[in-house]
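Colleague: below are the sequence and a predicted model; questions follow.
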Amino acid sequence: MVRLLRPLVRGRTYTRLLHLWVPVAALSVWWWVEPELPWVPLVVLVPVGLIPAVRVGEGMQARLLLTPGEAEPDFSVRPATAWRDRWRTVLWLEVRMLLGGVAAYATVWLPIVSYAVAARAVGHETEDLPAVAGERQWAYALLTPLSLIVLYAVLVGLGELVTAVARRLLGPSAAERLVALEERTDQLLERTRIARELHDSIGHALTLAVLQAGAARTADSPEFTERALAAIEETGRAALEDLERVLGVLREAERPVSARPTLTDAGRLLESARASGAKVDAEVTGALETLPGPVSREGYRILQEALTNVLRHAGTVPALVHVRVADGALTLEVRNPLPDERAAPGRGSGLRGIRERAALLGGRAHTGPDGAGDWQVRVELPLG
């Protein structure tokens, strides 16, 4: 019994009832003005429902009144683009109007009927109910619970019914679900890109800082310590700038990606590696400033991760860097001698990130020993 009465103490039972009453307010005004043409509002709803933005408004009302408190209600959140969705909105408006009329009529007259039946059952005279033989007319007492049951069914049942209809007609169509899935995929790809940005930038800075601090501690030279501290400071500032760029993407969805570093800024990567003790010889062929933005930005991160791997896994060894722009492609190559017999240093997420960046731009990447005792990172990115 308590379970049956529980819906009567829930707020959404009455918000759903309010949702049904809203269109009846306009309908009742029309009936008062023109009672002989009660069907006109239903006709007017057809062109109204074909307006794309109406679907958004109806979905918002449904979320607030039919499913209050639900984390992710299954209602459309964007204007209708397909005609099928527009006609679904029209059908929803018609059904809502009809169910609202039933709810308004029942919730107004059923309490009156319940009172009249109860009054007649205890002997009070009423004009609308016929008299029944007997001093207190106990026959009406049997009808009182029935009218209350019908009122309960209207309060709870119509609310559940209109919610189910709303999920069916205002729920996203296959095309809308596809758009939502594409947006979700873009968000996941953006998160992956941000994770790579943080890994490459912060990992590079920490690697250089650790190497510089270790070298300064063992060098026992004030001059070298001064240079190491300066290099750590510069690397830290650059890492903070990169971190601010990445966090800016999170804070501002429309932030332009042009603020990210490109291959024209590769000089600071080379200087940071040299300041850490590595001997880096670089050769640049071609005009880096003519590279497309995505290729130049991803090329910078690939070069950054390749140099970080050299310092992290091989130490301060000589490294050769070749950057070439020719024949419609960007070629990046970083070579360094392996200090021991390890065949594949750095199998972590850094090398995987290099391959993912190359694949994203339609290029290819090779990472591993070259057979001559060197470790090689070679990436080719098409410019088209």
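Modeller: That came through fine.

Colleague: okay, buried residues for stretch 48-63 please.
Modeller: For stretch 48-63, a neighbour-count test (16 or more other C-beta atoms under 10 Å) marks Gly49, Val54, Arg55, Val56, Glu58, Gly59, Gln61, Ala62, Arg63 as buried. Any C-beta I mention is one placed from the backbone N, CA and C, and that applies to glycine too.

Colleague: can you put the residues you listed in a markdown table and add pLDDT and secondary structure?
Modeller: Output for the buried residues of stretch 48-63, formatted as a markdown table (pLDDT from 0 to 100; DSSP: H, G, I helix; E, B strand; the rest coil):
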| residue | pLDDT | secondary structure |
| --- | --- | --- |
| Gly49 | 88 | helix |
| Val54 | 89 | helix |
| Arg55 | 89 | helix |
| Val56 | 87 | helix |
| Glu58 | 89 | helix |
| Gly59 | 87 | helix |
| Gln61 | 88 | helix |
| Ala62 | 87 | helix |
| Arg63 | 87 | helix |
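
Colleague: with those in mind, which one is nearest to Val325?
Modeller: Among the buried residues of stretch 48-63, Val56 lies closest to Val325 (C-beta to C-beta), at 48.0 Å.

Colleague: list the contacts of the closest one.
Modeller: By C-beta atoms under 8 Å, 6 or more residues apart in numbering, the contact list for Val56 reads Ser76, Val77, Arg78, Pro79.

Colleague: returning to what we had before: dump the buried residues of stretch 48-63 into TSV; add distance to Thr290 as well.
Modeller: Output for the buried residues of stretch 48-63, formatted as TSV (distance: C-beta to C-beta, whole Å):
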residue	distance to Thr290
Gly49	53
Val54	50
Arg55	47
Val56	45
Glu58	52
Gly59	48
Gln61	54
Ala62	53
Arg63	50
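
Colleague: now the two most distant members of the residues you listed.
Modeller: Across these, the longest distance by C-beta to C-beta is 18.3 Å; it joins Gly49 and Arg63.

Colleague: residues of the helix or strand where Tyr105 lies that come out buried?
Modeller: Assessed by DSSP states H and E, Tyr105 sits inside helix 83-121. Within helix 83-121, the residues that qualify as buried by neighbour count (16+ other C-beta under 10 Å) are 85-86, 88-97, 99-101, 103-104, 106-107, 110, 113-114, 116-121.

Colleague: can you name the next helix or strand after that helix?
Modeller: Trace forward from helix 83-121 with DSSP H and E and the next one is helix 139-169.

Colleague: helix 83-121 and that following helix, what's the angle between them?
Modeller: Relative orientation of helix 139-169 with respect to helix 83-121: 170 degrees, computed using axes from the mean of the first three to the mean of the last three C-alpha atoms, to 10 degrees.

Colleague: against which helices or strands is helix 139-169 packed?
Modeller: Here helix 139-169 touches helix 11-33, helix 83-121, going by 3 or more C-beta pairs under 8 Å, 6 or more residues apart in numbering; DSSP states H and E.

Colleague: can I get the ones you listed in a markdown table including mean pLDDT and distance to Gly214?
Modeller: Below are the helices and strands packed on helix 139-169 laid out as a markdown table (pLDDT from 0 to 100; distance: least, C-beta to C-beta, whole Å):
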| stretch | mean pLDDT | distance to Gly214 |
| --- | --- | --- |
| helix 11-33 | 83 | 63 |
| helix 83-121 | 84 | 63 |
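
Colleague: how about the ones you listed in TSV, adding distance to Gly299?
Modeller: As requested, those are exported to TSV (distance: least, C-beta to C-beta, whole Å):
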stretch	distance to Gly299
helix 11-33	55
helix 83-121	43
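
Colleague: of those, which approaches Leu146 most closely?
Modeller: helix 83-121 (8.5 Å).

Colleague: go ahead and confirm Leu211 touches Ser276.
Modeller: Yes: using C-beta atoms under 8 Å, Leu211 makes contact with Ser276 at a distance of 4.5 Å.

Colleague: can you check which residues contact both of these two?
Modeller: Common contact partners of Leu211 and Ser276 (C-beta under 8 Å, 6+ apart): Leu311, Thr316.

Colleague: who has more neighbours out of those two?
Modeller: Remark: of Leu211 and Ser276, Ser276 carries more neighbours, 25 against 22, as counted by other C-beta atoms under 10 Å.
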